[in-house]
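Peer 1: here is the input, now give the coordinates:
(one chain, ligands or ions: 2)
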Amino acid sequence: MKIYADENMPLVQAFFQHLGEVVLFDGRKVTATELADADILLVRSVTTVNASLLDTNTKLRFVGTATIGTEHVDQAYLASRNIAFASAPGCNAQSVVEYVLSSLWYLAEHYQWQLSDKTIGVVGVGNIGSLLVRCLTALGLKVLQCDPLRHEEAESNFFHTDFNSLCQQADIISFHTPLTQEGKWPSRHLLNARSLARLKPDCAIINASRGGVIDNAALLDDLTAKAQRRAVVLDVWENEPDVLSALLPYVDIATAHIAGHSVEGKARGTQMLYQRCCELLGQPVQWQLQQLLAQPAMEKLQISANFGLPDVQNLARLLYDVRRDDAIFRHALSVKGFDWIRKTYPPRREFSSLQLSGKVIPDYLLQLGFSLAQ
Ligand SMILES: NC(=O)C1=CN([C@@H]2O[C@H](COP(=O)(O)OP(=O)(O)OC[C@H]3O[C@@H](n4cnc5c(N)ncnc54)[C@H](O)[C@@H]3O)[C@@H](O)[C@H]2O)C=CC1
Ligand SMILES: O=C(O)C(=O)[C@H](O)COP(=O)(O)O
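Peer 2: Numbers count the residues shown, from 1 in each chain. Ligands and ions are numbered 1, 2, ... in the order given. Just a heads-up that it's a prediction; the model follows:
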C-alpha cells in the first residue's frame, strides 16, 4: 500500500505507517508522474486535485485533504472514478477563532477601542463562525450573524442579518465562508467595490477564510482612496503565494494563511483522515491524537479569585499573540517567501492545552476553550 502525503502534514508517519509505506511530497509542486502508483493520497490546501493530477494513476482508492476548505479538490471527478474522498471539517476551527480573538485584542489595544462598544459582524456561521460567535458572546460582545444558507433552512434560533445590512451596521466584520463561485450565494468577491462602499468608513475587516472572498484590488483602492483608514487583518490573500504586496502598508495584521495552523488544528486534520482510512481499509485504529501530541511548554495555571474579563487577553497571550506572525510575515515575505513562512511556522498550542485550576474558574474561560485541571 503506497500512501502519498504532503510533507507539511504533521504526524502523518506516526499515524499511517502501520497501514503502508508513507511517501512525502511537496504539495505545491507535486506532479502526476510522482503520484502514478499511489493507493492513497493525502493533501493540504495547496494541491489542486483534479483529472490532470490523477488521470495517469489507476490504483487510487482514497483522497483526503487535512483541511476544512475543499475548493482545491474536484470532488465530481473523484466520484466519477469511484475514488473515496474525505476532508477534515472543523479540525482547525478553534485555531482560527483564537487567531481572530488575538487580532481583536490587538486592534482594541492599538486603537484604544472598547470592544464592548463595537458591533462585530460574523459572515459565514458554520463550524468556525459559530464557535467565534459563542466566544464573543461569552465575552459579552455584540454580534451580528450573516449566513443566508442557514437562514434559508429556517433554523428557529438562528438570527440572520443580510449581508448589505450587516455591512452598514457592523464596526468590525470577520469572514468565515468557504470560497464558492456558483450557486445562489457565491462568496467570491463578496467584499468588493460595491460592498466596501456600504461599510462604515472606519469599519474594520478581518479575513481568515479564503483570499478570494475579498476583491484584493478593490480593497487596495478603498484603503488608498480615503483619508480615514480602516483597520484590516488579512490571513488569506488572493492568488497565494503571490500576494498583492501593495496592500501590506495598509494592513494592521498580515499573516501567511496560518490562522488554522495550531499544533492541534493541523494534527487533528491528519487524525481525521487516518480514522477515515482505517474505516475504508477495514483496519483497527491504532493511534489516538493524545498519544502522539508533544507535551506543551506550559501545562497548568492557577486562576485567583481576582481574575476578571480584562485579564483574559493576558492569559490568551501566554499561548498566542498574532503580532508574532505579523512580524514574521513582514520580515520574511520578500526574502524567504510565503511558503517558507508556512513551512517553518513556530509551534502554537491551542487554549485547551492550558489546564486551569482555582476555586472558581469563570465560565467564559471554558467557553473560550481553556481546560480544567484534573
Ligand atoms: N485561514 C485559515 O487557516 C483557515 C481558513 N478556513 C476557511 O474557512 C472556511 C469556513 O470554515 P468552516 O466554518 O469550518 O466551514 P463550514 O462549512 O462549517 O461553514 C461555512 C458557513 O459559511 C456559510 N456560507 C456559505 N456561503 C456563504 C455566503 N455567501 N455568505 C454567508 N455565509 C455563507 C455556510 O452556510 C456555512 O454555514 C473554510 O471553507 C475555509 O475556506 C478554514 C480553516 C483554516
Ligand atoms: O483548513 C483549511 O481550510 C485551511 O485553510 C488550512 O488551515 C490551510 O492549511 P494548509 O493546508 O494550506 O497548510
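
Peer 1: just the strands in this structure please.
Peer 2: Listed in chain order, the strands found in the chain under DSSP state E are 2-6, 21-25, 40-43, 62-65, 84-86, 119-123, 142-146, 172-175, 204-207, 232-234, 253-254, 300-302, 355-357, 371-372.

Peer 1: rebuild those as TSV, extending it with mean pLDDT, mean neighbour count and distance to ligand 2.
Peer 2: Any C-beta I mention is one placed from the backbone N, CA and C, and that applies to glycine too. Output for the strands of the chain, formatted as TSV (pLDDT from 0 to 100; neighbours: other C-beta atoms under 10 Å; distance: least, C-beta to the nearest ligand atom, whole Å):
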stretch	mean pLDDT	mean neighbour count	distance to ligand 2
strand 2-6	98	22	7
strand 21-25	98	16	14
strand 40-43	98	26	8
strand 62-65	98	24	7
strand 84-86	98	18	13
strand 119-123	98	24	16
strand 142-146	98	21	20
strand 172-175	99	26	13
strand 204-207	98	25	12
strand 232-234	99	25	13
strand 253-254	98	22	16
strand 300-302	98	11	27
strand 355-357	98	15	25
strand 371-372	96	13	22
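
Peer 1: what's the closest of the ones you listed to residue 276?
Peer 2: strand 84-86 (4.2 Å; C-beta to C-beta).

Peer 1: measure the nearest residue to residue 253 once chain neighbours are set aside to residue 254 for me?
Peer 2: Sequence neighbours aside, residue 233 is the residue nearest to residue 253 in space, at 4.2 Å (criterion: C-beta to C-beta, 6 or more residues apart in numbering). Separation of residue 233 from residue 254 (C-beta to C-beta, to the nearest Å) stands at 8 Å.

Peer 1: cool, and residue 264?
Peer 2: Residue 264 is 24 Å from residue 254, by C-beta to C-beta.

Peer 1: output the set of residues of the stretch 51-200 of the chain in proximity to ligand 1.
Peer 2: 68-69, 90, 92-93, 96, 123-129, 146-150, 176-180, 185, 187, 190 (C-beta under 6 Å from any ligand atom).

Peer 1: show only the entries of those found in helices.
Peer 2: 93, 96, 127-129, 148-150 (DSSP state H).

Peer 1: what's the ChimeraX line that selects buried ones from the residues you listed?
Peer 2: Of these, the buried ones can be selected in ChimeraX as follows, counting by 16 or more other C-beta atoms under 10 Å:
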select :93,96,127,128,129,150
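
Peer 1: now stretch 100-118: mean pLDDT?
Peer 2: For stretch 100-118, mean pLDDT is 98.

Peer 1: follow-up on the earlier one: now the residue nearest to residue 253, which residues is it bridged with?
Peer 2: residue 206, residue 253 (DSSP bridges).

Peer 1: oh, and call the first residue 226 from now on, that's how I've got it
Peer 2: From this message on, residue numbering opens at 226, which makes the last subject residue 458.

Peer 1: was I right to think it contacts residue 332?
Peer 2: Yes: assessed by C-beta atoms under 8 Å, residue 458 is found in contact with residue 332 at 7.3 Å.

Peer 1: which neighbours do those two have in common?
Peer 2: 429, 477-478 (C-beta atoms under 8 Å, 6 or more residues apart in numbering).

Peer 1: distance of the residue in the chain positioned nearest to ligand 1 from residue 272?
Peer 2: Residue of the chain nearest ligand 1, by C-beta to the nearest ligand atom: residue 351 (1.7 Å). Distance, residue 351 to residue 272, by C-beta to C-beta: 23 Å.

Peer 1: returning to what we had before: can I get the strands of the chain in TSV including distance to residue 298?
Peer 2: Formatted as TSV, those follow (distance: least, C-beta to C-beta, whole Å):
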stretch	distance to residue 298
strand 227-231	13
strand 246-250	16
strand 265-268	8
strand 287-290	6
strand 309-311	7
strand 344-348	23
strand 367-371	26
strand 397-400	21
strand 429-432	22
strand 457-459	24
strand 478-479	27
strand 525-527	40
strand 580-582	37
strand 596-597	33
